[in-house]
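**Student:** Give me coordinates for this.
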Amino acid sequence: MTKLETLKQYFGYDSFRSGQETLIDGVVAGRDVLGVMPTGAGKSVCFQIPALMMDGVAIIVSPLISLMKDQVNALTQSGIPAAFINSSLSGLQIDKALQKAREGAYKLIYVAPERLLASDFLSFAQTAKLSMLTVDEAHCISQWGQDFRPSYSKIPEFVASLPKRPILSAFTATATAKVREDIVALLGLNDPIVLVTGFNRENLYFEVQKTKDKYAALTTFLNIQKERSGIVYCSTRAAVEEVCEKLKTEGYSASRYHAGLADDERHDNQDDFLYDRVQIMVATNAFGMGIDKSNVSFVVHYNMPKDMESYYQEAGRAGRDGGPADCILLYSGQDVRTNMWLIENARDVQYPDKETEELLKERDRKRLREMTFYCSVNDCLRGYILKYFGENPPNYCGNCGNCDTNFEMVDITVEAQKILSCVARMKERYGQKMLIDVLRGSKSEKVLRLQLDKLSTYGISEKSEKQLYEMINQLILNDYLLKTDDEYPVLRLGNRASEILRNGKTVQMKLVKEKQAPEIATNKKQTRPVDNRLFAVLRELRLAIAKEQNVPAFVIFPDSALIDMCMKVPTTDEEFLKVSGVGKVKLERYGEKFLKVIVEFLHYK
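**Tutor:** Model prediction:
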């Protein structure tokens, strides 16, 4: 079969997404490849289709048990023979899986990186006909990636031990140029095809809410998410426990996930979320890579993550089925301090020496600054994200919180001069709060004790505390001010301060035009209108089949396929095959049941 025939028969799609064909063609032609594609862009198809088209078995190195299980479930549902080998299996189950693999029963085998050099797996790999070795979440091999994992460094040793080097393919969702260089070098990719598709996910709505009551903001948002599935990320275990308990007490369908729970509870809670037994998962980033649930309609960050890579990867778990989804970040200054503490006191990171430790911590501090800037900008949020990853987007997307806010451009030159002059007169020794107190003429005990009320800049600003915070953040963003990375950061004059203080440079910034009643964030990219009654009937059938087979409902069909059924209302096998996500295997397995429900619905409508 051709690649397009393979795509239709097993996955039910009529065309490829951007970048997929280039990578598939490269692998089939015998080339190593590196694909950098955002979460939800269809990376897995880029190695699953070549695995089906080539002789032998493909080994897929994957970091998380949950991902392997979901991927193998989905492949099996589509009629593709696949298996996984990891610590969730007993020794007897692993032996049985390897024996079947030796007999040629599988086209793809998912394996954890820790198992590659285990004697039983190594023995199998050295005697099997391998079509390809795929490294998923490949950024984990680089110390400059946000999720460095020492176990990934063993992959080159595994490849070197094979009698014949297979084609190597590597994939990740987020990788800067430095990380991409590391992946190529450390994995030993030979003259690879490197493809970086656009990072833009148009179906995602981004918003940053600065609020003093995060829980109230969260519940306000959740109250319009009826029947929708989503994730609430918290930065600490304590926050997960507190938020989850509050939600459950108020009647929300919620569960929790963090590294402090027993393995059995984590596994059960994750399954409850994947199988739609609970609607909301409250989790730390331990609920990370490998969450392959396609019908996640929102991701709320209760706390700001420590870097843009982590944020975009976690937010990208929403809207994987292509439908509109909301990515909301609830921000407060305490988030910066919490993340700084986590950087300085990292317990789960291994450093080879003190020099490397300081180098990597400085990298993390810089990333935290970039993340903090994201929460402070008044420009397009999507544009900020895309610029971070090296793209050149327009300044307006029409589908983020900032683009939907009524801003006006204001000249802040005089205020900027006051702020910078005050920093200089305070000897560049104090933080943002103290600077604002001096500018506004605060009579606090600390200001008076330090005799800062004697400065010529004391009390010279009539702006509100909030306005000054915004202006100072704007000056930091544009290098007029520098905020140190210490545990208690201080403000200093930036590289461009003299442009304002000596050269009279005009400074403008966007400010909210008028005080508006807070709006509830919603995605402006609306779904196509569908008959909600038919959609409910199809969901009920899908859930019944999923329970019968003990698999997540989205493995049978994603929501996007059910929506397409509501739009096309198929009544014959030929029409059912035209539904997005329906291939020949799923037609044979489920076509009769779904067509019967649709025909009965039309009859009684």
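**Student:** how close does the residue of the chain most remote from its centre get to residue 434?
**Tutor:** For the chain, the largest distance from the centre (C-alpha atoms, centre = their mean) belongs to residue 454, which lies 49.4 Å off. Distance of residue 454 to residue 434, computed by C-beta to C-beta, to the nearest Å: 15 Å. The way it works is simple: take the backbone N, C-alpha and C, and place the C-beta from them, glycine included.
**Student:** With residue 234 instead?
**Tutor:** 30 Å.
**Student:** Which one's more surrounded, these two?
**Tutor:** Counting neighbours by other C-beta atoms under 10 Å for residue 234 and for residue 434 shows that residue 234 has the greater number, 23 against 20.
**Student:** residue contacts, that one?
**Tutor:** When contacts are counted by C-beta atoms under 8 Å, 6 or more residues apart in numbering, residue 234 is found next to 240, 243, 282-284, 302-303.
**Student:** which of the residues you listed lies closest to residue 187?
**Tutor:** The closest of the contacts of residue 234 to residue 187 turns out to be residue 284 (C-beta to C-beta; 29.0 Å).
**Student:** Look up phi and psi at the nearest residue to the closest one once chain neighbours are set aside.
**Tutor:** With C-beta to C-beta, 6 or more residues apart in numbering as the criterion, residue 284 has its nearest non-adjacent residue at 4.4 Å, and that residue is residue 258. Main-chain dihedrals, residue 258, degrees, to the nearest 10: phi -160, psi 170.
**Student:** quick one on the thing from earlier: quick check: which of the contacts of residue 234 has the minimum pLDDT.
**Tutor:** The member of the contacts of residue 234 with the lowest pLDDT is residue 284, at 91.
**Student:** Next one: the residue nearest to residue 284 from residue 494, what distance?
**Tutor:** Taken as C-beta to C-beta, the span from residue 258 to residue 494 is 38 Å.
**Student:** swap in residue 241?
**Tutor:** For residue 241 relative to residue 494 (C-beta to C-beta), the value is 40 Å.
**Student:** again with residue 26
**Tutor:** From residue 26 to residue 494 the distance is 45 Å (C-beta to C-beta).
**Student:** who's in contact with the residue nearest to residue 602 when sequence neighbours are not counted?
**Tutor:** Closest residue to residue 602 apart from its sequence neighbours, by C-beta to C-beta, 6+ apart: residue 569 at 6.9 Å. By C-beta under 8 Å, 6+ apart, the contact list for residue 569 reads 534, 598, 602.
**Student:** Just name the shakiest helix or strand of the chain by mean pLDDT.
**Tutor:** Sorted by mean pLDDT, DSSP states H and E, the helices and strands of the chain end with strand 508-512, the least confident at a mean of 76.
**Student:** can you list contacts of that strand?
**Tutor:** Counting by C-beta under 8 Å, 6+ apart, 378-379, 405-412, 467, 470-471, 474 sit against strand 508-512.
**Student:** to the chain's geometric centre, what's the distance from it?
**Tutor:** 29 Å (C-alpha atoms, centre = their mean, to the nearest Å).
**Student:** For it, which strands pair with it and how are they oriented?
**Tutor:** strand 407-411 (antiparallel) (DSSP bridges).
**Student:** Give me the mean pLDDT for the partner strand.
**Tutor:** 81.
**Student:** next helix or strand past it?
**Tutor:** Later in the chain than strand 407-411, the nearest helix or strand by DSSP states H and E is helix 413-425.
**Student:** before we move on, the earlier item: most neighbours among the contacts of residue 234, please name it.
**Tutor:** Neighbour max across the contacts of residue 234 (other C-beta under 10 Å) = residue 282, 31 neighbours.
**Student:** pretty sure it belongs to a strand, no?
**Tutor:** Yes: counting by DSSP: H, G, I helix; E, B strand; the rest coil, residue 282 falls inside a strand.
**Student:** Contact partners for it?
**Tutor:** Contacts of residue 282 (C-beta under 8 Å, 6+ apart): 231-232, 234, 240, 243-244, 247, 254-257.
**Student:** Among those residues, which ones are in strands?
**Tutor:** 231-232, 254-257 (DSSP state E).
**Student:** Tell me the one of the residues you listed nearest residue 99?
**Tutor:** Once C-beta to C-beta is applied, the member of the ones in strands among the contacts of residue 282 that ends up nearest residue 99 is residue 257, at 34.3 Å.
**Student:** got a pLDDT number for the closest one?
**Tutor:** 93.
**Student:** returning to what we had before: in PyMOL, select just the buried ones from the contacts of strand 508-512.
**Tutor:** The command below creates a PyMOL selection of those among the contacts of strand 508-512 that count as buried (16 or more other C-beta atoms under 10 Å):
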select buried, resi 378+379+412+467+470+471+474
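**Student:** could the contacts of strand 508-512 be laid out in CSV, adding distance to residue 223?
**Tutor:** As requested, the contacts of strand 508-512 are arranged in CSV below (distance: C-beta to C-beta, whole Å):
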residue, distance to residue 223
378, 27
379, 29
405, 22
406, 24
407, 27
408, 31
409, 35
410, 34
411, 40
412, 37
467, 31
470, 29
471, 34
474, 33
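**Student:** give me the number of residues near residue 238?
**Tutor:** By other C-beta under 10 Å, the burial measure for residue 238, its neighbour count, is 12.
**Student:** That one should be in a helix, yeah?
**Tutor:** Yes: assessed by three-state DSSP, residue 238 belongs to a helix.
**Student:** what's the spacing between it and residue 302?
**Tutor:** From residue 238 to residue 302 the distance is 12 Å (C-beta to C-beta).
**Student:** does residue 382 belong to a helix or a strand, and which?
**Tutor:** Going by DSSP H and E, residue 382 is in helix 381-388.
**Student:** re the thing from before, for the residue farthest from the centre of the chain, give its distance to residue 419.
**Tutor:** For residue 454, the distance to residue 419 equals 19 Å [C-beta to C-beta].
**Student:** Need the mean per-residue confidence for the helix or strand containing residue 100.
**Tutor:** Using DSSP H and E, residue 100 falls within helix 91-102. Here helix 91-102 scores 91 as its mean pLDDT.
**Student:** Remind me what that helix packs against, helices and strands.
**Tutor:** Applying 3 or more C-beta pairs under 8 Å, 6 or more residues apart in numbering; DSSP states H and E, one finds that helix 91-102 contacts strand 82-85, helix 119-127.
**Student:** Now find how far off-centre the very next helix or strand once past it is within its chain.
**Tutor:** Scanning forward in sequence from helix 91-102 by DSSP H and E, the next helix or strand is strand 108-111. Its chain's C-alpha centre and that of strand 108-111 lie 23 Å apart, by C-alpha atoms, centre = their mean.
**Student:** change the start of the numbering to 422 and stick with it
**Tutor:** With the count now opening at 422, the last piece we talked about shows up as strand 529-532.
**Student:** three-state assignment of the closest residue to residue 879 other than its chain neighbours?
**Tutor:** In this structure, residue 879 finds its nearest non-sequential neighbour in residue 859, 5.5 Å apart by C-beta to C-beta, 6+ apart. The assignment at residue 859 comes out as helix when based on three-state DSSP.
**Student:** And for residue 859, the neighbour number?
**Tutor:** Counted with other C-beta under 10 Å, residue 859 comes out at 25.
**Student:** Give the full set of residues in contact with it.
**Tutor:** Taking C-beta under 8 Å, 6+ apart as the test, what residue 859 contacts is 843, 847, 851, 868, 873-874, 876, 878-880.
**Student:** of the residues you listed, buried ones?
**Tutor:** 843, 847, 851, 868, 873-874, 876, 878-879.
**Student:** give me the element the residue nearest the centre of the chain is part of.
**Tutor:** In the chain, the residue lying closest to the centroid (C-alpha atoms, centre = their mean) is residue 734, at 1.8 Å. Per DSSP H and E, residue 734 falls inside helix 729-736.
**Student:** Cheers, nothing more for now.
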